[in-house]
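I'll drop the sequence and a predicted model, then ask my questions.
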Amino acid sequence: MSAGCLIIAIDGPAGSGKSTVAKAVAQRLGIDYLDTGALYRAVALWLDKHGVPPEESECLREELRRLRIKIKGDKVYVDGCDVTEAIRSSRVDAVVSAYSALPTVRECLFSIQRAQVNCKGLVADGRDMGTVVFPEAQIKVFLTASPEERARRRWLESSDKGGLTYEEILKGIRERDAFDSGRSLSPLRAARDACVIDTTGLSVDEVVDQIIELVENLKQNDGGDG
């Protein structure tokens with residue numbers, strides 16, 4: 001294995017901890033991190049703001065042609081404006097799945113995601129990284145946890161979510177699971193060769209350690225290169 005082309009794809013449902021874990025893995029390895037969920041959220045924010053309904057249309061295609069997204073470090077910019085906080089709003093939570101399921105939206109972001117791979121390597125998290133965007137990834141991980149555990153995590157960080165109750169968040173988690181798993185295009189599922197990690201009851205460090213171990217095993221199997 002050459003460290004310069006290492007791609008780690010981390011998928012999982014909402015609240016499984018994939019963004020936190022992926023970022024920590026990237027930091028430990030000293031390679032780049034791609035938050036693809038942030039890209040989809042930025043698109044949803046833009047389209048919702050401009051009154052574009054979540055359905056295929058010429059209006060949708062025109063808005064996507066105008067859209068300019070840039071990720072710089074932990075910041076996300078749309079049309080030159082910092083939307084890092086705005087894309088985490090409850091409004092975006094409510095609409096992002098519907099926009100993300102549209103073929104035109106996924107096609108628009110596919111090339112943007114693929115273009116993020118560089119000589120340093122990449123950790124990318126999302127819902128179809130290992131199955132669609134980076135099927136060639138050397139390491140594929142599917143994180144999961146019970147709906148109750150994922151709702152609890154979201155509830156603990158929900159101070160900016162408009163005061164949603166635990167029950168409301170749990171309902172939203174279940175609805176999104178059903179939507180993401182049942183859509184015809186790029187449904188949420190683990191890649192055949194993914195390592196499935198149930199994060200229920202595990203700390204972030206414990207999950208990161210498991211993924212780092214996968215990297216070390218890969219290096220050993222490839223003769224220690226990298």
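Received it, and whenever you're ready, just let me know what you need.

elements contacting the helix or strand that Val141 is a member of?
Applying DSSP states H and E as the criterion places Val141 in strand 139-144. In this structure, strand 139-144 makes packing contacts with strand 7-11, strand 195-198, helix 204-221, judged by 3 or more C-beta pairs under 8 Å, 6 or more residues apart in numbering; DSSP states H and E. Just so you know, the C-beta spots here come from the backbone N, C-alpha and C atoms, and that holds for glycine as well.

how big is the angle separating the next helix or strand after it from strand 139-144?
Helices and strands here follow DSSP H and E; after strand 139-144, the next one along the chain is helix 147-156. Going by axes from the mean of the first three to the mean of the last three C-alpha atoms, to 10 degrees, helix 147-156 is angled at 90 degrees with respect to strand 139-144.

For helix 147-156, buried residues please.
Using 16 or more other C-beta atoms under 10 Å as the test for burial, helix 147-156 gives 147, 149-155.

Export these as TSV, with columns for pLDDT.
What follows is the buried residues of helix 147-156, written out as TSV (pLDDT from 0 to 100):
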residue	pLDDT
Pro147	93
Glu149	92
Arg150	91
Ala151	90
Arg152	88
Arg153	86
Arg154	83
Trp155	85
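
Can you tell me which of those is nearest Tyr77?
For these, the closest approach to Tyr77 (C-beta to C-beta) belongs to Arg154, at 25.3 Å.
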